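In: fold the stuff below for me.
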Amino acid sequence: MTSGVVTQAPDAASRASPGEHRSDAVLAISALGVVYGDIGTSPLYAFRESFLGRGHELAVTEANVLGILSLIFWSLVVIVSIKYVAFVMRADNQGEGGVLALTSLVTRGRNTTAGRGRLLVMVGLLGAALFYGDGMITPAISVLSAVEGTEVATEAFDGLAVPIAVAVLVGLFAIQRRGTAAIGRLFGPVMVLWFGTVAVLGAVQIVVHPTILRALNPLHGAVFFAHNGWTGFLALGAVFLAVTGAEALYADMGHFGRRHIAIGWFTFVFPALLLNYFGQGAMLIREPGSIGNPFYRLAPHWGVLPLVVLATAATVIASQALISGTFSLTMQAVQLGILPRVAVRHTSPLAFGQIYVPAVNWSLTVACVALVIGFRSSTGLAAAYGTAVTATMVITTILLYVALRIRFRWRTGVAAAVCTGFLAVEVCFLTANLFKIPVGGWFPLVVGAAVFAVMTTWRTGRRLVAERIHGGGQPIDAFLEGLFGRGRAASDVARVPGTAVYLFSNPTLAPPALVANVRCNRVLHDDVLIVSVVTDAVPRVEVTRRSESSDLGHGVHRVLLHYGFMEEPSVAADLAHGGEGFPAAPTLPKTYILGAESLVVTERPGMARWREHLFARLSRNAGNAADYFSLPDDCTITLGTRVEL
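Out: Numbers count the residues shown, from 1 in each chain. The predicted structure is shown next:
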């Protein structure tokens, strides 16, 4: 078995912010394009859907406008400003964030195959799986809501919003293979222009109707529920659209650091969003008929088309951030042994984080285009949006509680009080969103369930394969004793020049490929490296801690290569650098020998039959192991082993 295994790593101090030598202003502006794209484009549809969403249509009255604005304001304060910026972003894994990084943090040092450790892993996997479901909706609803402005500008574009949105999405996904380094430099400035524009558009309306600021009083939210009852509660599902994208603040923390993300939020993004939402509210009080598309109605008629162009650019940036995040999450999942190997291509020779995953990219393409064509409007997509996001936020809060207790040593009562407060708000949002399931909310849940099934099946399947192989395995010490013990020189085994590198996940056992080679060919290289690739529960491993080695005698060395879950293994290069105790001269020829399992579905206890068939199919279609470990194709040999599931 050649896949890496997750082991525990000692805590390390958070690494320095990537921009420690750059100004706060530059990094805060750069973060605008990556971190705030999703939440920053929510004004395109969130306020409108709070009134016109399916199943909870509200009258456009002053009381309702003030109530919705109050709910949006306090949702942004509680969920984004307090929960994520003030609390969650402090629970970093050596500077990295995101649900998998948080899961690795809280499970470090635990047995992840039983008890509470296994439960925490399952919760984290569910959160990661749900990300894929909503990740398919974000580009679709963002781009479609932006191009719908063309119908406000002129009747000539009536009925063309869907084709235009499809063309934009296909173009966006098509350029992924070329990388985003060139256009990435424009992300920050474009989003500065976007947030500046939405702030000015809203501020103009607030100046005309300043009494709209009364919505800052939370009592208006309470009055809203009192007047609208059940319909008002269902409207929470649309109000939540204003905070979708909050998870991105945490997930992208490793790129910019908590400080710079917080600066960008409090000094620019949060004020701009509030000005725009309150501006839409002020306009609706005077012009209730503008509810059909209040965002674009903020602009003068001559400015609608330029605003559409800017909004489309902003939504493309928001979608790009989501796509890049999905690629990154997939790579992390592969590294942690949660998903099968997939082809990962680096699109920049300078920036490690710029990667392209073809299988994920084209899956997202098909899903986004199908969603746009199937739902045909941002209102329809809004009905499907938010269900999985709220569930992901609840999962993050649960993991945060564990982090506060275990990693930060908070008292149980204090940690429970903080997280219960967040859960009270998020469970209300989740409950309201559950009523969206019949009208589209089922989609992200189905996708999330499918991805969760794949993740858990792959993880369990790899564990079963390891047990089957290791159960019949031979300890490496016993294997060498059988060859060279009691003074024997293993004369019946020929020693040939060169170095053989056997990759195997369990460093205590003799690799089955090594055993088979000696048994069948009676050949052993002069130097043998038994290499185990270990994925530590940290984002990155220092170069000085990359390798551990031990001399087992008779030219056989055991080597452990440590990588973080955000690093790609580069076995050949790291062995070439050498390590104390094992041969690594660059001129020494090396033959890399991998083990591959031929899986057979049987009646043996393990997994359900359908999961065994799924695992076997996933294994057959997994990416090439030599590519995954960065081994030279012309010096790599694969030897198969039959394994019964």
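
In: tell me the confidence at Gly303?
Out: At Gly303, the pLDDT value in this model is 90.

In: count the neighbours of it for me.
Out: For Gly303, the tally of surrounding residues (other CB atoms under 10 Å) stands at 15. From N, CA and C alone the C-beta is placed, and that goes for glycine too.

In: SS state for it?
Out: Following DSSP: H, G, I helix; E, B strand; the rest coil, Gly303 is assigned to helix.

In: quick one: residues contacting it.
Out: By CB atoms under 8 Å, 6 or more residues apart in numbering, the contact list for Gly303 is empty.

In: mind checking how far it is from Pro294?
Out: 15 Å (CB to CB, to the nearest Å).

In: next: Val425.
Out: Distance from Val425 to Pro294, by CB to CB: 25 Å.

In: likewise Arg178?
Out: 37 Å.

In: those two: which has the busier surroundings?
Out: Applying other CB under 10 Å to Arg178 and Pro294 shows that Pro294 carries more neighbours, namely 25 against 11.

In: quick one, what contacts that one?
Out: Counting by CB under 8 Å, 6+ apart, Pro294 touches Phe47, Arg48, Gln280, Met283, Leu284.

In: out of these, list just those in strands.
Out: The members of the contacts of Pro294 all map outside strands under DSSP state E.

In: for stretch 455-475, buried residues please.
Out: Of all the residues in stretch 455-475, those buried under the rule 16 or more other CB atoms under 10 Å are 455-462, 464-466, 468-470, 473-474.

In: now it, how far from the chain's geometric center?
Out: Offset of stretch 455-475 from its chain centre (CA atoms, centre = their mean, to the nearest Å): 26 Å.

In: with stretch 634-642 instead?
Out: On CA atoms, centre = their mean, the centre of stretch 634-642 falls 33 Å from that of its chain.

In: would you mark the buried spots in that stretch?
Out: Those buried within stretch 634-642 under the rule 16+ other CB under 10 Å are Thr636, Leu639, Thr641.

In: could you do stretch 171-180 as well?
Out: Buried-residue list, stretch 171-180, by 16+ other CB under 10 Å: Leu172, Phe173, Gln176, Gly179, Thr180.

In: ok, now stretch 428-435?
Out: Buried residues in stretch 428-435 (16+ other CB under 10 Å): Phe429, Leu430, Ala432, Asn433, Phe435.

In: return the member of those residues nearest to Gly67.
Out: Using CB to CB, Ala432 comes nearest to Gly67 of the buried residues of stretch 428-435, at 14.5 Å.

In: ok, that closest one - contacts?
Out: Ala432 touches Phe233, Leu234, Ala235, Leu236, Gly237, Phe240, counting by CB under 8 Å, 6+ apart.

In: please look at the third one and Ile68 and confirm they touch.
Out: What that stands for is Ala235. Yes: under the criterion of CB atoms under 8 Å, Ala235 makes contact with Ile68 at 7.2 Å.

In: so what's in contact with those two at the same time?
Out: The contact lists of Ala235 and Ile68 share Ser50, Phe51, Leu58, where a contact means CB under 8 Å, 6+ apart.

In: what's the separation between Phe422 and Val80?
Out: In terms of CB to CB, Phe422 sits 12 Å off from Val80.

In: got it, and Arg617?
Out: Distance, Arg617 to Val80, using CB to CB: 41 Å.

In: same check on Val123?
Out: Counting by CB to CB, the gap from Val123 to Val80 is 22 Å.

In: could you do Asn276 as well?
Out: Distance of Asn276 to Val80, given as CB to CB: 15 Å.

In: over to Arg495?
Out: Arg495 sits at a distance of 65 Å from Val80 (criterion: CB to CB).

In: go on, Gly133?
Out: 21 Å.

In: ok, those two, which is more surrounded?
Out: Neighbours per residue (other CB under 10 Å) separate Gly133 from Val80, with Gly133 holding more: 26 against 21.

In: tell me which helix or strand the more buried one sits in.
Out: helix 115-147 (DSSP states H and E).

In: mind listing what's buried in that helix?
Out: Applying a neighbour-count criterion of 16+ other CB under 10 Å, one finds 117, 120-147 buried in helix 115-147.

In: which helices and strands does it pack with?
Out: Applying 3 or more CB pairs under 8 Å, 6 or more residues apart in numbering; DSSP states H and E, one finds that helix 115-147 contacts helix 99-107, helix 161-174, helix 304-335, helix 358-375, helix 378-384, helix 387-406, helix 442-471.

In: deepest in the core, which of those is it.
Out: helix 99-107 (a mean of 26; mean count of other CB atoms under 10 Å).

In: what would the buried residues of stretch 428-435 look like in TSV with distance to Val360, secondary structure and pLDDT?
Out: TSV is the format used below for those (distance: CB to CB, whole Å; DSSP: H, G, I helix; E, B strand; the rest coil; pLDDT from 0 to 100):
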residue	distance to Val360	secondary structure	pLDDT
Phe429	28	helix	94
Leu430	27	helix	93
Ala432	31	helix	93
Asn433	25	helix	91
Phe435	31	coil	90
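
In: what is the burial count for Val204?
Out: Residues within reach of Val204, counting by other CB under 10 Å, total 16.

In: repeat for His220
Out: 21.

In: ok, now the one 5 residues further on?
Out: Burial measure for Phe225: 16 neighbouring residues, criterion other CB under 10 Å.

In: Arg545 now?
Out: If we define neighbours as other CB under 10 Å, then Arg545 has 13 of them.

In: how about Ala596?
Out: 16.

In: residues contacting stretch 58-72, please?
Out: When contacts are defined by CB under 8 Å, 6+ apart, stretch 58-72 is touched by residues 46-47, 50-51, 212, 214-221, 223-225, 227-228, 231-232, 235-236, 239, 242, 277-278, 281, 284-285, 288, 291.

In: tell me who's in contact with the residue lying closest to Gly135 once chain neighbours are set aside.
Out: The shortest distance from Gly135 to any non-neighbouring residue, by CB to CB, 6 or more residues apart in numbering, is to Thr326 (5.2 Å). By CB under 8 Å, 6+ apart, the residues touching Thr326 are Phe131, Tyr132, Gly135, Val357, Val360, Leu364.

In: wait, which of those is closest to Val162?
Out: Among these, and counting by CB to CB, the member closest to Val162 is Leu364, at 18.1 Å.

In: what does the pLDDT read for the closest one?
Out: 92.

In: so it sits right up against Ile323, yeah?
Out: Yes: at 6.5 Å, Leu364 and Ile323 qualify as touching, with contact defined as CB under 8 Å.

In: mutual contacts of the two, please.
Out: Contacts common to Leu364 and Ile323, judged by CB under 8 Å, 6+ apart, are Pro139, Phe173.
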